[in-house]
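1. only geometry, no sequence info:
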């Protein structure tokens with residue numbers, strides 16, 4: 001249910017964004033049974049990029065896609081951090097978009113849904129929240 005609403009939102013952002021979202025969602029289904037805790041964990045460690053304008057977040061996503069995602073690779077956290085420092089308009093951008101560990105219930109709506117449903121090491125497709133447009137890199141999960 002939650003993954004479907006995320007995919008529909010991401011698909012509105014263009015063909016590239018929709019492809020990444022569907023890929024992450026399908027990988028998540030395969031790994032959920034292997035102890036990934038997808039959607040059931042209590043804490044997530046994540047980085048993100050936040051932009052007010054859709055065009056700017058799409059630029060950041062294209063940079064990630066050209067470097068890693070189009071080859072099916074996962075974006076290394078250090079490289080995601082460089083893109084976050086360049087593009088993110090959130091104060092966390094200065095720290096490479098690092099949000100650290102946060103519990104379920106701390107983040108609002110779509111942000112929490114995407115963060116808790118992105119496979120460890122995977123990068124979400126761009127999506128919209130009340131704060132703007134985001135891309136999330138999930139770095140870990142724990143209960």
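-> The structure has been received and is ready for your questions. Given the structure is predicted, the values throughout are model-derived calculations rather than measurements. Residues are numbered from 1 along each chain as shown.
2. Next up, the contacts around residue 84.
-> 47-49, 92-93, 96-97 (Cβ atoms under 8 Å, 6 or more residues apart in numbering). C-betas here are computed from N, CA, C, even on glycine.
3. redo that, cut-off 10 Å
-> By Cβ atoms under 10 Å, 6 or more residues apart in numbering, residue 84 lies in contact with 47-50, 60, 77, 90, 92-98, 135, 137.
4. Run through who's touching the helix or strand harbouring residue 102.
-> In this structure, residue 102 is located in strand 98-103 according to DSSP states H and E. Applying Cβ under 10 Å, 6+ apart, the set of residues contacting strand 98-103 from outside is 41-48, 77, 80-81, 84, 90, 92, 106-107, 111-112, 115-116, 136-137, 139-142.
5. State the three-state secondary structure for the closest residue to residue 121 other than its chain neighbours.
-> Using Cβ to Cβ, 6 or more residues apart in numbering and skipping residues adjacent in sequence, the residue nearest residue 121 is residue 74, 4.6 Å away. The three-state assignment at residue 74 reads coil, by DSSP: H, G, I helix; E, B strand; the rest coil.
6. what angle do the host helix or strand of residue 48 and strand 98-103 make?
-> Under the criterion DSSP H and E, the helix or strand holding residue 48 is strand 43-51. For the pair strand 43-51 and strand 98-103, the angle between their directions (axes from the mean of the first three to the mean of the last three Cα atoms, to 10 degrees) equals 140 degrees.
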